[in-house]
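1. Provided below for reference: sequence and predicted model.
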Amino acid sequence: MTRTTVPDILAGLSIAALLLPEAVAYSGLAGLPPQAGVIALLAGLGCYGLIGSSRFAIVSATSSSAAVLASAIAALGGDSATERAVLASILVAGSGIAFALCAALRLGAMSNLIARPVLRGYTFGLALVIAVSQWPHLANVPAHSRDFFVLIVELLREYRAWHLPSLACGLIALAGLFLLERVPQVPGTLVVIVASILAAPLLAAQGVVLTGPIHLALSMPAFSVPPGLRALPIIEYSLAIMFILYAESYSSIRTFALKHDETVPPNRELFALGVANLVSGLLRGTPVGAGYSATSANEAAGAQSRLAGLSAAFIVLVLVLAFLGWIERIPAPVLAAVIIHAVSKSLRLSQFRNYMRWRRDRLLAVAAGLAVLVLGVLNGLLAAIVLTVVLLLRSLARPRLSVLGLVGEHDYVSVLRFPAAKTVPGMLVLRPEEPLFFANAEPLMLQVRERVRAEPGTRVVVLSLEESPDLDSTSLEALSELCEWLSRHGVELRVARLKDSAREALARANLRQLTPSALHYASVDDAVRGRRVNP
């Protein structure tokens, strides 16, 4: 045995007891039988342990993906257990294929498409939805609505129908989970689950519902789409599951990689998550991803390599085979308490403290959370992505043009920030503060013209494009029109600090007023003095 073998096996033993009851609980959250979560757990741990790159990531069923899957199945009209199982298999396998395609296209950076305030707001709203959705299981009361606010009204209206023994069981379990989390050395979930199993006969006599039979016979699903169902919604919902899984997973993976000064290739992570979800879908499991709590527990348990996840998979398999009858006796309110406890970490308002203190993106986080509550899980996710893109475009499309002046011998800085900076007579030095692209190129060039009109003695305009890594066709056309306008007014244009891609784009554009030799001003000072640097 190597030095890491024993710690990894011990870590696997520690987290297996945490993951198994959560997997069973999350399958219920997705509206699937208990075995779906167990299968997903084995597929996630095994596939990621063989393919992934993070030493600490634990890939298993997650609450957020289970909630998204449940919403997708409901939207697709999965009413019966058979229809839900078929749709779940298609959607989970579809998300796995989407992961693999993204890996092939090297789209590992796509998790950055959702701004952190939006992701935190969405997760907060999703956690609220999940917690409220578990109350019917906690109180053993039927619920007919999936809408957040309507469900709350319905539950409050039917409070007389709450089953008090079930509610007491769930609340005691929830209190125990919160109490035991303060003692890191004690596996709180395992303690609560074992205690509930021992009390199962007494609870069942009081009418408390137990988990029931778990059938682990593996069978390949028949991917027969229900009549009247189109392929496009399946693709859309598969992409939604993939996106929320990757945003959650890569955030967890990257957090622990940075903590331990490690490099994690994002495209490899995409592929590993793709294989894990494809296998889980083929075997009728739930979606899987690298949740923060499980990954954190793995690191805290002393894991040294991916062997910890593989060990956990083996131990889970042994536990299921040896104690399946006991697992079937877990009370349903306890599983609901496990889910509520798991999502409670996302309900802490402290995660928004910095946004309030910095006075940045406060409304953005609130809007993302409200989008889930008002629009639902899937539409809320779409709204969160759109909100991020709109935020980006809004920021970039508000053009700011700075006038630069000389400080010292060579430094050119904004005269607005440094009033003592001196402008050069007959020369206007300008710098766009955002990258030039189709949404802001024309307004920025219009601002340049206005600056020239405001200073009639201008004979040279120096445009510093250091903020633009590249130039699209709209930017090139806008620059071409500016060149012609300046030429008609007897003003020379010099472009400074071009990045390689932007310089190549301008060279290919072959603007008459900007010859190739005019594109090699390494600095603003060189452009002002007319000193070109030959490549």
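-> Arrived safely. Residues are numbered from 1 along each chain as shown.
2. got any ranges where the stretch 351-500 of the chain has weak pLDDT?
-> 396 (pLDDT under 70).
3. could you pull out the strands for it?
-> Taking DSSP state E, counting those that start in this stretch, the strands of the stretch 351-500 of the chain run over residues 401-407, 411-414, 427-432, 460-464, 492-496.
4. what sits against the closest residue to residue 364 other than its chain neighbours?
-> Of all residues not flanking residue 364 in the chain, residue 117 sits nearest, at 4.8 Å (CB to CB, 6 or more residues apart in numbering). Heads up, the C-betas are built off the backbone N, CA and C, glycines and all. Contact analysis of residue 117 by CB atoms under 8 Å, 6 or more residues apart in numbering lists 355, 360-362, 364-365, 368.
5. relative to residue 31, which of the strands of the stretch 351-500 of the chain is closest?
-> With respect to residue 31, and counting by CB to CB, the nearest of the strands of the stretch 351-500 of the chain is strand 427-432 at 51.5 Å.
6. ok, and the helix or strand in this structure with the lowest average confidence?
-> Lowest by mean pLDDT, DSSP states H and E among the helices and strands of the chain is helix 377-396, with a mean of 77.
7. could you tell me the angle between the helix or strand residue 506 falls within and strand 492-496?
-> Element membership for residue 506, per DSSP states H and E: helix 500-509. Angle of helix 500-509 versus strand 492-496, following axes from the mean of the first three to the mean of the last three CA atoms, to 10 degrees, is 150 degrees.
8. next one: the next helix or strand after helix 500-509 to chain centre, how far?
-> The helix or strand immediately downstream of helix 500-509 is helix 524-529, counting by DSSP H and E. Averaging C-alpha positions (CA atoms, centre = their mean, to the nearest Å) puts helix 524-529 44 Å from its chain's average.
9. do the same with stretch 479-487
-> Stretch 479-487 sits 43 Å away from the centroid of its parent chain (CA atoms, centre = their mean).
10. burial count for residue 143?
-> When neighbours are defined as other CB atoms under 10 Å, residue 143 has 16 of them.
11. in the stretch 1-150 of the chain, where is pLDDT below threshold?
-> Within the stretch 1-150 of the chain, the segments meeting pLDDT under 70 span 1-4, 111-113.
12. now do the strands in it.
-> Secondary structure of the stretch 1-150 of the chain by DSSP E, counting those that start in this stretch: the strands cover 59-61.
13. just the helices in it please.
-> 5-29, 34-51, 63-75, 81-104, 116-133, 135-139, 148-157 (DSSP state H, counting those that start in this stretch).
14. and those, which is most packed in?
-> The highest mean neighbour count among the helices of the stretch 1-150 of the chain, using mean count of other CB atoms under 10 Å, belongs to helix 34-51: a mean of 26.
15. report the angle between it and helix 5-29.
-> 140 degrees.
16. for helix 34-51, which helices and strands make contact with it?
-> Where contact means 3 or more CB pairs under 8 Å, 6 or more residues apart in numbering; DSSP states H and E, helix 34-51 is packed against helix 5-29, strand 59-61, helix 81-104, helix 266-282, strand 288-290, helix 307-327.
17. and if we set it to 10 Å?
-> The elements that helix 34-51 packs onto, with contact taken as 3 or more CB pairs under 10 Å, 6 or more residues apart in numbering; DSSP states H and E, are helix 5-29, strand 59-61, helix 63-75, helix 81-104, helix 266-282, strand 288-290, helix 292-300, helix 307-327.
18. CA atoms only: put that helix into PDB for me.
-> C-alpha atoms of helix 34-51 as PDB (Å, rounded to 0.1, in the frame of the first residue of the first chain):
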ATOM      1  CA  PRO A  34     -34.900   5.200  -4.500                       C
ATOM      2  CA  GLN A  35     -32.700   3.000  -6.600                       C
ATOM      3  CA  ALA A  36     -32.200   5.900  -9.200                       C
ATOM      4  CA  GLY A  37     -30.200   7.800  -6.600                       C
ATOM      5  CA  VAL A  38     -28.100   4.800  -5.600                       C
ATOM      6  CA  ILE A  39     -27.300   3.900  -9.300                       C
ATOM      7  CA  ALA A  40     -26.400   7.600  -9.900                       C
ATOM      8  CA  LEU A  41     -24.100   7.600  -6.900                       C
ATOM      9  CA  LEU A  42     -22.200   4.500  -8.100                       C
ATOM     10  CA  ALA A  43     -22.000   5.800 -11.600                       C
ATOM     11  CA  GLY A  44     -20.700   9.200 -10.500                       C
ATOM     12  CA  LEU A  45     -18.200   8.000  -8.000                       C
ATOM     13  CA  GLY A  46     -16.900   5.300 -10.400                       C
ATOM     14  CA  CYS A  47     -16.700   7.200 -13.600                       C
ATOM     15  CA  TYR A  48     -15.200  10.400 -12.100                       C
ATOM     16  CA  GLY A  49     -12.700   8.400 -10.100                       C
ATOM     17  CA  LEU A  50     -11.400   6.800 -13.300                       C
ATOM     18  CA  ILE A  51     -11.500   9.800 -15.600                       C
END
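19. now do that helix: distance to the chain's middle.
-> So, by CA atoms, centre = their mean, the centroid of helix 34-51 is 21 Å from its chain's centroid.
20. what residues sit buried inside the least confident helix or strand of the chain?
-> Buried residues in helix 377-396, defined by neighbour count with 16 or more other CB atoms under 10 Å: 377-378, 380-381, 383-385, 387-388, 391.
21. buried sites along stretch 400-415?
-> Of the residues in stretch 400-415, 401-406, 412-413, 415 count as buried by neighbour count, 16+ other CB under 10 Å.
22. now what about that stretch, what contacts it?
-> For stretch 400-415, contacts defined as CB atoms under 10 Å, 6 or more residues apart in numbering pick out 416-424, 428-434, 440, 443-448, 450-451, 455, 462-464, 496, 523-529.
23. would you mind checking those for buried ones?
-> Judged by 16+ other CB under 10 Å, buried ones among the contacts of stretch 400-415: 421, 428-432, 434, 440, 444-445, 447-448, 462-464, 496, 523-528.
24. contact partners for residue 88?
-> Contacts of residue 88 (CB under 10 Å, 6+ apart): 27, 30-32, 36, 69-70, 72-73, 78, 221, 280-281, 284-287.
25. repeat for residue 67
-> Per CB under 10 Å, 6+ apart, neighbours of residue 67: 26, 29-30, 126-127, 129-130, 133, 244, 339, 343, 372, 377-378.
26. of these, which is the nearest to residue 316?
-> Relative to residue 316, the closest of those is residue 26; by CB to CB it sits at 13.9 Å.
27. from residue 255, how far off is that closest one?
-> 21 Å (CB to CB, to the nearest Å).
28. equivalent analysis for residue 116, please.
-> For residue 116 relative to residue 255 (CB to CB), the value is 12 Å.
29. with residue 51 instead?
-> Taking CB to CB, one finds residue 51 at 20 Å from residue 255.
30. just want the angle from the longest helix seen in the chain to helix 116-133.
-> Secondary structure of the chain per DSSP state H: the longest helix is helix 231-259. In terms of direction (the same axes, to 10 degrees), helix 231-259 departs from helix 116-133 by 110 degrees.
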